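>>> how would this look folded up:
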Amino acid sequence: MDPIRIDDPRDPRVAAYLDIRERDLAGRQGRFVAEGKVVLDLLLSSRRFTAESILILENRLGGLEEVLRKAQADLPVYVVAGGVMDAIAGFHMHRGILAIGRKETPHPAGSLLDALPAQALIVVPVGIANHDNMGSIFRNAAAFGADAVLMDGTCCDPLYRKAIRVSVGAALKIPFASFTDTAGFTAELDRRGYDQFALSPRGRIDIRDARRGERLALYLGTEGEGLPESLLARLQTVRITMSKGFDSLNVAAASAIALHHFSR
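Okay, the predicted model is just below:
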């Protein structure tokens, strides 16, 4: 492919990259921003997502030859100077590597569950609104071999730019879907033979004593409020026992401990 030089920040060919932070908040109509070399590599390797274009700082182009070989031949690759990159993005882009990806059509949670193996570990975030935490949960899910992430409808978008970046691209790798009826979802997992553990500082079982069966769903709640009481009442609850007088971990750290314990 031949890189395309862009010298005008208002060039319509790079309009999708304009004012990244503001556009992140407003939504991108089925698109998302991938940032950094590792994330770009995962996007170009993905079977679930497609890249629409790439925007690269001129001094980063030479180190991306191997990654760019994975791109389709007609994918536009725009090259810019530092000042132009910053003017397009609306802030200093020290990484110098961006891409626009196209979101896949959302799949129902049931369809994703149908595709999982007989021995499955799924992560179920509920009410996770912080993009850093969401990205960390996906990163931990990938690190410890989780098969999918199933989120309730109040969770933030794992394809938000910051969430993808924090996940180091795991949000492009781990299959995910959303559900809106929590009671119906837990009942469906019961029918499918899943153990369902809710992580809570007030959990009845110390996580070191918890044992999983062939299929496990691990529920994670928000910091502070935690999981809803109605959900805790329906599920087995597990805790990460800590020093006396301290009973709270960041949900990202808690998810790493729990996923490590339950991974195979």
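
>>> the strands in this structure, which residues?
All strands of the chain, identified by DSSP state E, fall at 4-5, 31-35, 50-57, 77-80, 97-102, 120-125, 148-152, 176-179, 195-199, 205-206, 215-220, 236-239.

>>> What's the local residue count around the closest residue to residue 95 other than its chain neighbours?
Computed as Cβ to Cβ, 6 or more residues apart in numbering, the closest residue to residue 95 that is not its neighbour in sequence is residue 36, at 5.0 Å. (Each C-beta comes from the backbone N, C-alpha and C, glycine too.) If you count neighbours by other Cβ atoms under 10 Å, residue 36 ends up with 17.

>>> now the strands of the chain as JSON lines including mean pLDDT, mean neighbour count and distance to residue 88?
Formatted as JSON lines, the strands of the chain follow (pLDDT from 0 to 100; neighbours: other Cβ atoms under 10 Å; distance: least, Cβ to Cβ, whole Å):
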{"stretch": "strand 4-5", "mean pLDDT": "96", "mean neighbour count": "14", "distance to residue 88": "13"}
{"stretch": "strand 31-35", "mean pLDDT": "91", "mean neighbour count": "21", "distance to residue 88": "12"}
{"stretch": "strand 50-57", "mean pLDDT": "96", "mean neighbour count": "20", "distance to residue 88": "7"}
{"stretch": "strand 77-80", "mean pLDDT": "97", "mean neighbour count": "21", "distance to residue 88": "7"}
{"stretch": "strand 97-102", "mean pLDDT": "94", "mean neighbour count": "22", "distance to residue 88": "9"}
{"stretch": "strand 120-125", "mean pLDDT": "98", "mean neighbour count": "25", "distance to residue 88": "33"}
{"stretch": "strand 148-152", "mean pLDDT": "97", "mean neighbour count": "22", "distance to residue 88": "31"}
{"stretch": "strand 176-179", "mean pLDDT": "96", "mean neighbour count": "19", "distance to residue 88": "29"}
{"stretch": "strand 195-199", "mean pLDDT": "97", "mean neighbour count": "22", "distance to residue 88": "41"}
{"stretch": "strand 205-206", "mean pLDDT": "96", "mean neighbour count": "12", "distance to residue 88": "52"}
{"stretch": "strand 215-220", "mean pLDDT": "98", "mean neighbour count": "24", "distance to residue 88": "36"}
{"stretch": "strand 236-239", "mean pLDDT": "96", "mean neighbour count": "19", "distance to residue 88": "47"}
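
>>> Tell me which residues touch the residue nearest to residue 95, please.
Listed by Cβ atoms under 8 Å, 6 or more residues apart in numbering, the contact set of residue 36 reads 95, 97, 165.

>>> Distance-wise, check the second one relative to residue 48.
Applying Cβ to Cβ, to the nearest Å, one obtains 20 Å for the distance of residue 97 from residue 48.

>>> Which one, of the strands of the chain, ends up nearest to residue 250?
Closest of those to residue 250 is strand 215-220, at 11.0 Å (criterion: Cβ to Cβ).
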